[in-house]
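Engineer: let's see this in three dimensions:
(one chain, ligands or ions: 1)
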Amino acid sequence: MTAEALVGTVGIRPLRPGDGPALARAYARNREHLAPWEPLRPESWFTQRGQEDHVGRLMGERAAGRALPWVLLDGDRVVGAMTVSGIVRGPFLSGNLGYWVDGTVTGRGVATAAVAHVLAACARDGLHRVQAGTLVHNAASQTVLRRNGFDRIGLAPRYLLIAGRWQDHVLYQRLLGDG
Ligand SMILES: CC(C)(COP(=O)(O)OP(=O)(O)OC[C@H]1O[C@@H](n2cnc3c(N)ncnc32)[C@H](O)[C@@H]1OP(=O)(O)O)[C@@H](O)C(=O)NCCC(=O)NCCS
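Structural biologist: This is a model prediction of the structure:
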């Protein structure tokens, strides 16, 4: 489970094919913590098989240049994930950032440091822009984005189906490099 860097008190490294079982345990542990902020998940999401499928899909997206997925680690435990998905190349060079941190390690600057790590990798990958959307009342996530140089670009009504309801989101973007 060796990490490539420390972000606060935990490690971070790119997602690997064998991460499904540890991710399934992490999602099961964090089910209530994440429920208000995520889409409704089917029961299969919390199983080893479900996470192996999810990891397989992300690996395919990474190989195609459309995703950059990471996991956060505390020893052998997965304690979070950072995923840049929906990367579009050409004149857009932009991707969407999503993340979560295990309820036992929040409030220690982990997400702030991990987002900084991910932005540096996005810049090395040649991306021009990273976008993120938060629920209007997700103050912790908005703090994480602001601290990483994201600018608020607007309010998107009924933007994502979160916790079973189409909910408004504040959209943020961070431009990378000089272009
Ligand atoms: C949002 C989340 C990733 C933040 O992770 P984290 O590691 O705790 O973040 P950090 O410690 O780097 O920074 C969070 C900041 O927000 C603050 N914060 C936490 N809850 C808050 C709240 N309800 N209101 C205002 N600020 C809050 C923290 O105190 C901290 O600021 P501080 O360092 O000045 O104390 C984590 O809470 C999480 O996984 N939440 C559930 C999933 C989620 O919301 N994902 C993001 C979807 S956009």
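Engineer: what about the strands in the protein?
Structural biologist: 5-7, 10-14, 68-74, 77-88, 94-101, 129-135, 151-162, 165-175 (DSSP state E).
Engineer: what are the pairing partners of the fifth one, and which direction each?
Structural biologist: Just to be clear, that refers to strand 94-101. Taking DSSP bridges as the criterion, strand 94-101 forms sheet pairs with strand 77-88 (antiparallel), strand 129-135 (parallel).
Engineer: same question, the shortest one
Structural biologist: Strands flanking strand 5-7 in the sheet, each with its direction: strand 10-14 (antiparallel) (DSSP bridges).
Engineer: isn't residue 152 up against residue 136?
Structural biologist: No - between residue 152 and residue 136 there is no contact, the gap being 11.3 Å when judged by C-beta atoms under 8 Å. Placement of C-beta: from N, CA and C, glycine included.
Engineer: mind listing the shared neighbours of the two?
Structural biologist: residue 170 (C-beta atoms under 8 Å, 6 or more residues apart in numbering).
Engineer: hang on, the earlier thing: could you dump the strands paired with strand 94-101 into CSV and include distance to residue 45?
Structural biologist: Shown next, in CSV, are the strands paired with strand 94-101 (distance: least, C-beta to C-beta, whole Å):
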stretch, distance to residue 45
strand 77-88, 13
strand 129-135, 20
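Engineer: looking at the ones you listed, which is closest to the ligand?
Structural biologist: Nearest to the ligand, of all the strands paired with strand 94-101, is strand 129-135, at 4.1 Å by C-beta to the nearest ligand atom.
Engineer: outside of the closest one, which residues touch it?
Structural biologist: For strand 129-135, using C-beta under 8 Å, 6+ apart, the contacting residues are 37, 84, 92-98, 119, 122, 141-142, 145, 150, 156, 159-160, 162, 167-176.
Engineer: next one: stretch 5-20
Structural biologist: 1-4, 48-49, 51-56, 58-59, 62, 68-74, 78-82, 105, 108-110, 112-114, 116-117.
Engineer: just to revisit the earlier point, pick the most deeply packed of the strands of the chain.
Structural biologist: Mean neighbour count (mean count of other C-beta atoms under 10 Å) peaks for strand 68-74 among the strands of the chain, with a mean of 23.
Engineer: and stretch 38-56, end to end?
Structural biologist: 20 Å (C-alpha to C-alpha, to the nearest Å).
Engineer: run the contact check for stretch 20-32 versus the ligand.
Structural biologist: No - under the criterion of C-beta under 6 Å from any ligand atom, the ligand is not reached by stretch 20-32; the shortest gap measures 8.0 Å.
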